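Undergrad: dropping the sequence and predicted coords here.
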Amino acid sequence: MSDITHSCVAHRGASGLAPENTMEAFREALAFPYVEWIELDVQLSSDGIPVVIHDDMLKRTTDGSGRVADFTAKQLSSLNAVSWYSKQLPAEGIPSLEEVLDATIGRCRLNIELKTYGGRYPGLEQKVVELLYKKGLQHDSVLTSFDSGALQTVRQLSKDIRTGLITDLAPWTLLTDLQRLDASFLSIGYASISSALMKTMQDANITVMAWTVNDIAMMKRLTKLDPTILICTNYPDRFGQALRELHE
């Protein structure tokens, strides 16, 4: 069971315990010793800087309004991205990807989802790839997307950086799709995971991440099914509880 300690991914940081995709959520995630991955979302500011936020609109998770793409990185950093979650936390803006890389380097790996929206952010892939090389993280991160075109662009830009397809379901073409994209990572809705799927992916040397698992019983079930499954959760503390219960 020792591999279980390497299989917790904090979804948008510890987003069940802190405001998602903020430095506070990433700090919270890093406080758990078994969190070896953080998943986050990246979009592009109007001045071409990768910034960390899930929605393409600002309203849900900041005190701003409008489209992320219409604001500079400096303007986005001046918004309050935590007040919707808690009035008790100090104000904090939308972080740049570079800030997050600097804060997590050497401490955990990053699963960076490219929110390309079918080509909405031309150049996003190149900006992210350049940053990973600048920080020496081209072998220590994975770039994921629902958009196969974005993954193809990453592969054209770099042979080093791992890529991963995000999907909720497991169509019969899944392995072929991954191999066609030269992707070695699969991010899949946990309800679609089976022992047959895991065997197929393991035989092809493809890492599998289950999202988004917030139920302790399901964490335990997936871990028993295959301890190599990466468990992506909003609640790393619950993963710790599942871990303890599995060892009792």
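TA: Everything's here; your move.

Undergrad: list the contacts of the most centrally placed residue in the chain.
TA: Among the residues of the chain, the one closest to the centroid is Glu39, at 2.1 Å (C-alpha atoms, centre = their mean). Contact analysis of Glu39 by C-beta atoms under 8 Å, 6 or more residues apart in numbering lists Val9, Ala10, His11, Arg12, Leu110, Asn111, Glu113, Met209, Trp211, Cys232. No exception for glycine: its C-beta is placed from N, CA and C like everyone else's.

Undergrad: which residues are contacting stretch 166-180?
TA: With C-beta under 8 Å, 6+ apart as the test, stretch 166-180 has contacts from 113, 144-146, 148, 165, 184, 186-189, 192-194, 197, 200-201, 204, 206.

Undergrad: just the buried ones from the residues you listed?
TA: Buried members of those, counted by 16 or more other C-beta atoms under 10 Å: 113, 144-146, 165, 184, 186-188, 193, 197, 201, 206.

Undergrad: dump those residues to a markdown table, plus secondary structure.
TA: Listed next are those as a markdown table, based on DSSP: H, G, I helix; E, B strand; the rest coil:
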| residue | secondary structure |
| --- | --- |
| Glu113 | strand |
| Thr144 | strand |
| Ser145 | strand |
| Phe146 | coil |
| Leu165 | strand |
| Ser184 | coil |
| Leu186 | strand |
| Ser187 | strand |
| Ile188 | strand |
| Ile193 | coil |
| Leu197 | helix |
| Met201 | helix |
| Ile206 | coil |
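
Undergrad: pretty sure Gln202 contacts Thr228?
TA: Yes. Distance between Gln202 and Thr228: 7.1 Å, which falls inside the contact criterion (C-beta atoms under 8 Å).
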